[in-house]
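J.: Fold the following.
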Amino acid sequence: MKVAVIGAGAGGLAAVKTCLEGSLSPECFEQKDGPGGVWNYLPTPVEGQPSVIWSTVANISKEAYCFSDFPVPDNFPNFLHHTKVIEYMKLYAEKFDLERYIRYRSEVTEISQTEDFKTTGQWTVKVKDIVTGVETQKVFDAVLVCNGNHSKPLMPQVEGSREFEGRQMHSHAYRSTKGFEGQRVVVVGFANTAIDIAVELSHVCSQVYLSARHRNWIYPRVIADGVTVDYLLNRRFVDCLPSFVRRRYYASVLNSVFDQSLFGVRPTTHSADDQQPIINDMLHALIASNRIILKPDIRMLTKTRVAFVNGSVEERIDTIVYATGYKIDMSFIKHPSYGVRDDTLVDLFRFVFAPDVNPPTMAVIGCVQPLNSVLPVTEIQSRWAVAVFKGDRRLPTEEEMKKEIEKRREDIRRRYVDCPRYSTNIDWIEYMDEIATEVDCKPNWVELLASDPRLAISVFFGECIPSQYRLRGRGAWPQARQTVLENWNRMLRPFETHIDADRHRSRPADQRPSVLLLGGIVVAVAVASILFCLL
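T.: From the prediction side, this is the model:
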C-alpha cells in the first residue's frame, strides 16, 4: 500500500515511521529543505510556511515532548531551544532511516479522489517542485495529512486600521527584536506567541502594551525544587481527582509562583484547566516593573493612537503586532468534508477521520490543541490511522461518528471560552487513552498492580510520558518500562552540568521534592480518587 504523507514536521516523521512499521510504502512531501516543520527556523518569512522565532524555547519539557520509543538524549536540557528540537528530530529521522522517504522542496497543491475511489479508496496527489516549478501527479492508496495548522495567519478586523500610520504585522512575520528598538508597541493576543513576543520586545522597546479580549492562567516552566510544571500536573492521579479538587490544585500550584489575580492575568470565568495553558516564566516580573502593561481589547485605531474598550487611549504607537492565531487550511484537499468553518472548525471524527469518506483512506494528523505536548498525539494518531488503513481496526458507522463529533463539540463549547480557536482543544491523557484503546496500547495501571506494582505506581502517580503507550500491545517497546521508571532521574540529569558533583550525590537520585508529597490531606484525596476510578 502506497501512502502519501504531507509534511515532514513531528507529525510527518512519526507518520513515515509508523507506515514503515506497518509494512506500508510512504512517500513524504515537505516544502522546506529539512525536517521539523514549524520548528525549522526561517530567517525570512515565507507565505504558507510557518516558523518559530529565533528565541523560541519549547513550552513542554523534553520528557513529554518526545516520541514514545525515542526519548530525548539525557544531555539535552529539560526545555529545548528550537535548534535542539531540530537536532532531536534529525536524530529520530537518522535512527529510523526516514529521510530516504522524504522529498524536500515539494509542495502538495491538490489532493482529489480518483474516479474509482469507491472501490479502490485511492487519491490523486499533485506535487510541485518548488525549485524547478515542475508539477507532477501520482496515485496513492492512502494519505496522511500532517501539514499542521500554522500556515495561514488570522488577522482581526479593527476599526481604523487603514487610517493607522504605524506598522501593522502578524506574528507570522516576526522574527526578532531588530528594528523595534525604542518603539512603543502593542501586541494583540494572549496565547503563547503573543506573550513570548511581548516579553522579548520589552527588553528593547520604550513601552510594550499587551492587549487581549480574554486573559489566561500563566504556567511557569519550572516550579518548586526544579520540577517541570508538566511533571507536576500531567499525571493520571491528578486527572482522576474530582474536577473541583483538580481545579483548586492547579490554582494553588500556579498561585504559588505569583498571585494570578493580583497581576491581572487570571480569567474571571474559567478555571486553570479550562483554557489552553500559557507558559511563560517572565511575564509577571515585567508586569511588576511596568515594562509590559496589560490592556483590554482594541476598540479602534487612529493615525498614531490606539483606543481600548475600557476607554483608555495610548498615544504615539509605532507598531501593532497581531498574535491572533492561524486559520486551519486544508483547501488543497478537493473534498467538502475537509472544508473549514469559522476559520478553525473541522468536522472530523476524533479530529482524524472524515465520517463520510469511505473507504477511510485519508487521515488528518495533528489538527488538535492538547493541554500538553502535541508531538506524541500526532504519533498515536498515526498508529491508529495506519491500523485503519490496513483493515486491522474499523471505524464506527457514519451516523455514530457524526454524533460523537457533535457531542465533543458541545462538550468543548460548554467547558472552554466560546472562541473558534478552542474548537480543537483536547485533554491530553483522556485523548491519548481514547486513541490508545483503538491501537490496543493503553496502559492499564490496575492490572500492573498485581504483576509490576512499582511500574503501576509510576504510571498512575508519575508523569504520564509518551513511553507509557509503548508498555504493551501493538508496537510495544522493550525499553518502555525502564524509561517510565527513570523519568524523574532523567529530569534531574541535565542539572549535573550546573551543580557541584558532591552536592548532587548527597541528594538521592530518586528523591521526590516535598511539593509532590502534597501532605496528608491530598494523599487522602488521592486514595479516594483511586477508589473512584476503580468504581
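
J.: if we look at stretch 426-444, which residues are touching it?
T.: For stretch 426-444, contacts defined as Cβ atoms under 8 Å, 6 or more residues apart in numbering pick out 234, 236, 239, 350-351, 368-373, 376-377, 380-381, 383-384, 387, 393, 459, 464, 468-476. In short, each C-beta sits where N, CA and C put it, glycine included.

J.: I would like a ChimeraX command selecting only the buried ones among the residues you listed, please.
T.: This is how ChimeraX selects the buried members of the contacts of stretch 426-444, with burial counted by 16 or more other Cβ atoms under 10 Å:
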select :234,236,239,350,351,368,369,370,371,372,373,376,377,380,381,383,384,387,393,459,464,468,469,470,471,472,474,475
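
J.: Show me the contacts of stretch 426-444 that map onto helices.
T.: Per DSSP state H, helices hold the following members of these: R236, D239, P376, V377, I380, Q381, R383, W384, A387, V459.

J.: Would you format the residues you listed as CSV with pLDDT and distance to I102 included?
T.: Converted to CSV, those look like this (pLDDT from 0 to 100; distance: Cβ to Cβ, whole Å):
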residue, pLDDT, distance to I102
R236, 93, 36
D239, 88, 36
P376, 96, 21
V377, 96, 21
I380, 97, 21
Q381, 97, 19
R383, 98, 19
W384, 98, 22
A387, 97, 23
V459, 95, 34
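
J.: And those, which two are furthest apart?
T.: By the measure Cβ to Cβ, these have their two most distant members at D239 and A387, which lie 25.2 Å apart.

J.: Buried residues, stretch 222-232. List them.
T.: Within stretch 222-232, the residues that count as buried by 16+ other Cβ under 10 Å are V222, I223, V227, T228, V229, D230, Y231, L232.

J.: hmm, I was thinking of stretch 27-40
T.: Of all the residues in stretch 27-40, those buried under the rule 16+ other Cβ under 10 Å are 27-32, 34-40.

J.: quick one: which of those is nearest to N310?
T.: In terms of Cβ to Cβ, no member of the buried residues of stretch 27-40 lies closer to N310 than V38, at 34.4 Å.

J.: Give me the nearest residue to the closest one, chain neighbours excluded.
T.: Once flanking residues are discounted, V38 sits nearest to P50: 4.3 Å by Cβ to Cβ, 6 or more residues apart in numbering.

J.: Enumerate every residue touching the one you found.
T.: Neighbour list for P50: G37, V38, G148, H150, S151, H172, Y326 [criterion: Cβ under 8 Å, 6+ apart].

J.: re the thing from before, I'd like the buried residues of stretch 27-40 laid out as JSON lines, including distance to N489, pLDDT and secondary structure.
T.: Output for the buried residues of stretch 27-40, formatted as JSON lines (distance: Cβ to Cβ, whole Å; pLDDT from 0 to 100; DSSP: H, G, I helix; E, B strand; the rest coil):
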{"residue": "E27", "distance to N489": "40", "pLDDT": "98", "secondary structure": "strand"}
{"residue": "C28", "distance to N489": "35", "pLDDT": "98", "secondary structure": "strand"}
{"residue": "F29", "distance to N489": "40", "pLDDT": "97", "secondary structure": "strand"}
{"residue": "E30", "distance to N489": "36", "pLDDT": "96", "secondary structure": "coil"}
{"residue": "Q31", "distance to N489": "39", "pLDDT": "95", "secondary structure": "coil"}
{"residue": "K32", "distance to N489": "36", "pLDDT": "94", "secondary structure": "coil"}
{"residue": "G34", "distance to N489": "32", "pLDDT": "95", "secondary structure": "coil"}
{"residue": "P35", "distance to N489": "29", "pLDDT": "95", "secondary structure": "coil"}
{"residue": "G36", "distance to N489": "28", "pLDDT": "94", "secondary structure": "coil"}
{"residue": "G37", "distance to N489": "30", "pLDDT": "92", "secondary structure": "helix"}
{"residue": "V38", "distance to N489": "31", "pLDDT": "93", "secondary structure": "helix"}
{"residue": "W39", "distance to N489": "27", "pLDDT": "95", "secondary structure": "helix"}
{"residue": "N40", "distance to N489": "31", "pLDDT": "94", "secondary structure": "coil"}
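
J.: Find me the pLDDT at R507, would you?
T.: According to the prediction, R507 has pLDDT 44.

J.: From I278, how far out is A272?
T.: Distance of A272 to I278, given as Cβ to Cβ, to the nearest Å: 10 Å.

J.: and the nearest residue to Q276 once chain neighbours are set aside, what are its bridge partners?
T.: Closest residue to Q276 in three dimensions, ignoring its sequence neighbours and counting by Cβ to Cβ, 6+ apart: Q369, at 5.9 Å. Q369 has these beta-bridge partners by DSSP bridges: N425.
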